[in-house]
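**Student:** here is a sequence together with a model predicted from it:
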Amino acid sequence: MDLLIHRLLPAEAVSLLITMVNAEGAAWADGRATAGRQSARVKNNQQLTRSCPVGRDATDRVMQHLRRDPLIKSFALPCRIHGTMFSRSGVGQGYGMHVDNAYMRGGRSDLSFTLFLSDPFDYEGGVLRIQTLQDSREVKLEPGEVVLYPSTSLHEVTTVSRGERLVCVGWIQSHVQSHDDRMLLFGLDAGARALLAEHGTSPSLDLIFQAYGNLLRRFGD
């Protein structure tokens, strides 16, 4: 399984978001309200209500960073970024093994993302564990780092045993539904951009970018 771990936010942007979601007027609710029937059985956390002004403002700030980040655009080829919400887990809370819904109110879920906001040394547990074919990948990142992974993956958040875990999660509907096709395009785009930075433009590189564009047309929705 291919996933992307990337620094999305600088420290000052993380601090601002934490201040916003902890401010008076931030409406937190039981996370099971947004879970499907099966997932609700294993979900135990709190989520910032999307409809409250603080939730809307904080979500908009994260979405702006996601939409303009060149690496995320190359990796995810986003058509829609949707379902974004802030989630916190205190001692004894977590989210058992589950798979995200294929379709949500905002669109299809091709990629899931978790943006970490808490310092990993401020809490124990709260590890994002993503199941692979034969084992699992454990992810616990620095504040401002984000992980993107296929929404088809079984995953869980282990129980927090100390402190509090604060993250922002959401989903991406890609222009290219197939994960394998996205990885092919991502590798081709990364290689072409590296050649451009090292050697500049050339007729040969033009052909590579032409091939990339035409593959995107073929693979895209």
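**Tutor:** All right, it came through fine. In this text, all values refer to a predicted model and were calculated from it rather than measured experimentally. Numbering: from 1, shown residues only.
**Student:** quick one: contacts of the helix or strand harbouring residue 56?
**Tutor:** Residue 56 belongs to helix 53-68 when assigned by DSSP states H and E. The list of residues contacting helix 53-68 from outside it, by C-beta atoms under 8 Å, 6 or more residues apart in numbering, reads 8-9, 13, 16-17, 20-21, 23, 25-27, 48-50, 72-73, 78, 81, 84-86, 113, 115, 168, 170. The way it works is simple: take the backbone N, C-alpha and C, and place the C-beta from them, glycine included.
**Student:** pLDDT at residue 62, what is it?
**Tutor:** On the pLDDT scale, residue 62 is placed at 97.
**Student:** from residue 26, how far out is it?
**Tutor:** Relative to residue 26, residue 62 is positioned 15 Å away (criterion: C-beta to C-beta, to the nearest Å).
**Student:** likewise for residue 106?
**Tutor:** 22 Å.
**Student:** any idea how far stretch 104-123 is from the chain center?
**Tutor:** Centroid displacement of stretch 104-123 relative to its chain, using C-alpha atoms, centre = their mean, to the nearest Å, is 4 Å.
**Student:** and that stretch, what's its mean pLDDT?
**Tutor:** Averaging pLDDT residue by residue across stretch 104-123 gives 96.
**Student:** now that stretch: buried residues?
**Tutor:** Buried residues in stretch 104-123, counting neighbours by 16 or more other C-beta atoms under 10 Å, are found at 104, 107-118, 120, 123.
**Student:** do the same with stretch 12-19
**Tutor:** Judged by neighbour count (16+ other C-beta under 10 Å), stretch 12-19 contains these buried residues: 13-14, 17-18.
**Student:** check stretch 204-221 too.
**Tutor:** By neighbour count, and taking 16+ other C-beta under 10 Å as the criterion, the buried residues in stretch 204-221 are 208-209, 212, 215-216, 219.
**Student:** just the closest of these to residue 133, please.
**Tutor:** Within the set of these, residue 219 lies nearest residue 133; the separation is 23.3 Å, counting by C-beta to C-beta.
**Student:** can you tell me how far the closest one sits from residue 213?
**Tutor:** Residue 219 sits 11 Å away from residue 213, going by C-beta to C-beta.
**Student:** residue 62 and residue 26: which is more packed in?
**Tutor:** Comparing residue 62 with residue 26 by neighbour count (other C-beta atoms under 10 Å), the higher total belongs to residue 62, at 24 against 16.
**Student:** assess the claim that residue 176 and residue 77 are in contact.
**Tutor:** Yes. Contact status for residue 176 versus residue 77: in contact at 5.2 Å, counting by C-beta atoms under 8 Å.
**Student:** residues in contact with residue 163?
**Tutor:** Residue 163 sits next to 91, 118, 122-124 when contact means C-beta under 8 Å, 6+ apart.
**Student:** kindly recompute the last result at 7 Å.
**Tutor:** Residues touching residue 163, when contacts are defined by C-beta atoms under 7 Å, 6 or more residues apart in numbering, comprise 122-124.
**Student:** which parts of the longest strand along the chain are buried?
**Tutor:** With secondary structure taken from DSSP state E, the chain has its longest strand at strand 78-89. Buried positions in strand 78-89, judged by neighbour count with 16+ other C-beta under 10 Å: 78-79, 81-89.
**Student:** three-state assignment of the residue nearest the centre of the chain?
**Tutor:** Note on the chain: the residue nearest the mean C-alpha position is residue 113, at 1.3 Å, using C-alpha atoms, centre = their mean. State at residue 113, reduced to three classes by DSSP: H, G, I helix; E, B strand; the rest coil: strand.
**Student:** nothing else from me, thank you.
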